[in-house]
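A.B. asks: Below: sequence and its predicted model.
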Amino acid sequence: MELCIGAAKVKVREIRDHASEEAIIDRCRRQDFEAFGKLVDAYQNRVFGFVRRMVQSSEEAADVTQEVFIKAFQNIARFDGRCSIRTWLFRIAYHLCVDRSRKNDRSPNEVALVDPTEGDEIDVADTRWQPEQMVIDAELMTVVEDGIASMSEKLRSVLILHDKEDMSYEEISQMLDVPIGTVKSRLFLARAHLQDVLKRYTEAGV
Amino acid sequence: MRSRMNLDHNPVEDSRLNTPGQVAIRSLVSALPEEEVSMAWRSSLNQQLMQIAAKKQRRKRFLWIASPIAGLSVASALAFVVMLQPFAHKPIVRPDTGIESAILADHYSSTILSDVTSAGLNSTEVSTEANVKDPEQGIWNESDVESL
């Protein structure tokens, strides 16, 4: 787990550890450019990572991420502190991604929300593709990324926010305006879909 | 459709999310490589943010100057309206030229005369109290009657 912690995460922790996030946000509210720069430094890669997996291309992701921070800068005075700044930024990012995908109409690529347990039972004890035991190579990563990209936005967003960004169910529920039960259902389905994708991949490889 | 409705709204128990397969997927997703933005991206963002900040600053400065001016303009317009209003609705009093009082006096005198005189008599033929020097002269006596 520590391997996946990048410089951005370390910076976020620095902000939190020194309990200075509130102070930085206060300065941002007063249109302090330098303070907002610190906020961007802390979250830019995480927001970009999320957006990158929500839109079609890197270029589009870069544009959307810029838009996220521009919107945040323009509206930071309205940030009331009821949720964390991270949740707020991700919420802006999520809504911008949804707007983009509506424009691009990605729906033909989406997969249906079908209960995987209704059909073929997935053998979770199948040791052929236990991630801890496998070398996580570029090919596998590509398969996982493709699997994530083939999900509907609803599933994809929950999977990335929970499993990649370590957000709690409550935070995701608050961010997406859905009940916690729905968040769990979507997470379960997203993981099941990815299990299915990986199973097909390993079976094809054998 | 049935699956979509049921699974999206029926909560999943935590135990189903903690099965080995689900946990494995979680590990796999969390191990995905970090995405990083480029320096050019950051530079471009900074430029855009600076433009927005400058625009906000200009707007703030404009409001700082414009709002007192606007306030003063409104106040002076209100004051002007308030000061002019009494004159606008005040009734016009013309100086007494004497015509009205002459008409009234004439009206009163004609009313008095019509009370005194009867039909067929010209008001000018009847002497008013002012014209009668001796009140006794105007009264008939018995000698007058006998002479008839």
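C.D. replies: The structure has been received and is ready for your questions. Residues are numbered from 1 along each chain as shown, chains lettered A, B, ... in the order given.
A.B. asks: Which element is encountered next along the chain beyond the longest helix seen in chain B?
C.D. replies: Counting by DSSP state H, the longest helix found in chain B is helix B:39-89. With elements assigned by DSSP states H and E, the helix or strand that comes after helix B:39-89 is helix B:99-116.
A.B. asks: and the host helix or strand of A:Gly37, how far out from the chain's middle?
C.D. replies: If you go by DSSP H and E, A:Gly37 is part of helix A:33-54. Mean-position distance between helix A:33-54 and its chain equals 13 Å (Cα atoms, centre = their mean, to the nearest Å).
A.B. asks: about what we covered before: quick one: average pLDDT of the longest helix of chain B?
C.D. replies: Helix B:39-89 carries an average pLDDT of 85.
A.B. asks: Now do it: which elements does it pack against?
C.D. replies: Counting contacts by 3 or more Cβ pairs under 8 Å, 6 or more residues apart in numbering or on different chains; DSSP states H and E, helix B:39-89 is packed against helix A:33-54, helix A:58-75. Any C-beta I mention is one placed from the backbone N, CA and C, and that applies to glycine too.
A.B. asks: do that again at 6 Å, thanks
C.D. replies: helix A:58-75 (3 or more Cβ pairs under 6 Å, 6 or more residues apart in numbering or on different chains; DSSP states H and E).
A.B. asks: For the helix with the most length in chain A, which residues meet the burial criterion?
C.D. replies: The longest helix of chain A (DSSP H) is helix A:180-205. By neighbour count on 16 or more other Cβ atoms under 10 Å in any protein chain shown, the buried set for helix A:180-205 is A:181-199, A:201.
A.B. asks: mind showing which ranges of chain A have poor pLDDT?
C.D. replies: A:1-19, A:105-137, A:205-206 (pLDDT under 70).
A.B. asks: how's it carved up into domains?
C.D. replies: A:2-107, A:110-205 (automatic domain parsing).
A.B. asks: now these in a markdown table, with distance to B:Asn46?
C.D. replies: Shown next, in a markdown table, are these (distance: least, Cβ to Cβ, whole Å):
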| stretch | distance to B:Asn46 |
| --- | --- |
| domain A:2-107 | 8 |
| domain A:110-205 | 25 |
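A.B. asks: Looking at those domains, which is nearest to B:Gly71?
C.D. replies: domain A:2-107 (23.8 Å; Cβ to Cβ).
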